[in-house]
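Asker: Sequence first, predicted model second:
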Amino acid sequence: MSAEKVIVVAGPTATGKTKLGILLAQRFSGEIVSADSMQLYRRMDIGTAKATEAERAAAPHHMLDVAEPDESYSVSRYVEQAARCCDDILARGHTPVIVGGTGLYIDSLLSGRDFAGREEGDEGLRGSLNARYDALGGEAMLRELAAFDPERAAKLHPSDRRRIVRAIEIYRLTGETISAHDARTKALPPRYDAARIVLGCRDRSELYARIDKRVDDMVAAGLFDEVAGLLQSGLSPESTAMQAIGYKEAAAALAGAIGRDEAIALIKQNSRRYAKRQITWFSRWDDALFLNWEGTPDFEKALRISTEFLTARGLS
RNA sequence: GGCGCCAUAGCCAAGUGGUAAGGCAGCGGACUGCAAAUCCGCGAUUGCCCCAGUUCAAAUCUGGGUGGCGCCU
């Protein structure tokens, strides 16, 4: 049997994914499944541009506020949890509308990729591997990796500490190399039949202007207070959640390491760079409908074009 | 008005006679268990403010000009 249909709305930050997602959910009897690695944390609302109460009332939302900021989350957990959401929505006769900007999460959810049965990472092991990397250097670590997974080692750059450590960590924890896991999961059939829509701006400068404005709005809405609250509640600045754009910079400013204006400028800059990475990621979706705004977003038009596209793809 | 110092890529900047380091920004790319993270690649070419000169060879030396900074009267 063929995979069930889902709608995907992706694209760089500040392009209106949330809004279009809601419109599509309303039109196609859908429910939103967020695909955002930071919006899933509770108490991180302003800086992640999480859907507001009003927006959540306009359409059911899932995968928001599903973890505490001090929890370590991961793709595997996301896929497991989000797939359950999608299956549940489908079982009720509705359509999952996957909305978000985290490419890895979306691709992992849509593909048949399976992490079932694997435990979360062992912080102790990861810590010691990181320490070992620092002591021995990338070349040596790559050689250690090559001992059991030469294929993966050949693909990694010595400086890519994160992936080298992870490759070793996963092998130690599960006994399966990343390469083997990669090959095995690639052979699996896709979990869903996705109709993808990617939002963007015709001109890069317009996207950047939107981002800058959004950051100013976030600051006006109390971003710094939100971050101060998180830190006061004991959240470690080292946590994954605090690595989010807007949060790490605000935290640095609150700690007095940089000025407030400097932090705001950094948030804008980092957001722009993030947007570029997102554009690169989603540009690989050659079967997607690319909707690029020209000037002020016309959601009515976008909805019309999207509906046409989705209908042609068999959705109703 | 006089004296001194400086003038290298969008920004910071090394180089003081031998054929332009590095960092930041920007741009492009990657990405399978931390992903708003992490990593990789790309920049000065009738070249080093302009003009003239010395020299086999000048960003580097000399003279002049222009601009900036500092001090003095």
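Answerer: Nice, I can see it. Residues are numbered from 1 along each chain as shown, chains lettered A, B, ... in the order given.
Asker: Tell me the buried residues in stretch A:194-204?
Answerer: The neighbour-count check on stretch A:194-204 (16 or more other Cβ atoms under 10 Å) flags A:Ala194, A:Ala195, A:Arg196, A:Ile197, A:Val198, A:Leu199, A:Gly200, A:Cys201 as buried. Placement of C-beta: from N, CA and C, glycine included.
Asker: State the phi and psi torsions of the fourth one.
Answerer: In this case it means A:Ile197. In terms of degrees, to the nearest 10, the main-chain angles of A:Ile197 are phi -120, psi 130.
Asker: A:Gln269: what's it in contact with?
Answerer: The contact partners of A:Gln269, taken as Cβ atoms under 8 Å, 6 or more residues apart in numbering, number zero.
Asker: before we move on, what SS does it have?
Answerer: helix (DSSP: H, G, I helix; E, B strand; the rest coil).
Asker: what's the farthest-apart pair in the buried residues of stretch A:194-204?
Answerer: Greatest spacing in the buried residues of stretch A:194-204, by Cβ to Cβ: A:Ala194 and A:Cys201 (22.9 Å).
Asker: which residues touch A:Thr15?
Answerer: A:Leu199, A:Gly200, A:Cys201, A:Leu207, A:Arg210, A:Trp293, A:Pro297.
Asker: nearest to RNA strand B, of the residues you listed?
Answerer: A:Leu207 (9.3 Å; Cβ to the nearest atom of the strand).
Asker: Figure out the helix or strand that that closest one lives in.
Answerer: helix A:204-220 (DSSP states H and E).
Asker: Which of the residues in that helix are classified as buried?
Answerer: For helix A:204-220, by 16+ other Cβ under 10 Å, it's A:Glu206, A:Leu207, A:Tyr208, A:Arg210, A:Ile211, A:Asp212, A:Arg214, A:Val215, A:Met218, A:Val219.
Asker: what's the answer for stretch A:65-74, then?
Answerer: A:Val66, A:Ala67, A:Pro69, A:Asp70, A:Glu71, A:Tyr73, A:Ser74.
Asker: ok, so of those, who is nearest RNA strand B?
Answerer: Distances from RNA strand B to those, taken by Cβ to the nearest atom of the strand, are shortest for A:Ser74, at 3.5 Å.
Asker: Give me the number of neighbouring residues for A:Ser159.
Answerer: By the criterion of other Cβ atoms under 10 Å, A:Ser159 has 10 neighbours.
Asker: My read is that it contacts A:Gly138, right?
Answerer: Yes. When contacts are counted by Cβ atoms under 8 Å, A:Ser159 is listed as touching A:Gly138 (5.7 Å).
Asker: Pull up the pairing partners for the one helix or strand A:Pro96 maps to, direction included.
Answerer: Using DSSP H and E, A:Pro96 sits in strand A:95-99. The strands that strand A:95-99 pairs with in its sheet are strand A:4-10 (parallel), strand A:30-34 (parallel) (by DSSP bridges).
Asker: from those, which stretch is densest packed?
Answerer: Among the strands paired with strand A:95-99, ranked by average contacts under mean count of other Cβ atoms under 10 Å, first place goes to strand A:30-34 (a mean of 27).
Asker: Figure out how far that strand is from the centre of its chain.
Answerer: 15 Å (Cα atoms, centre = their mean, to the nearest Å).
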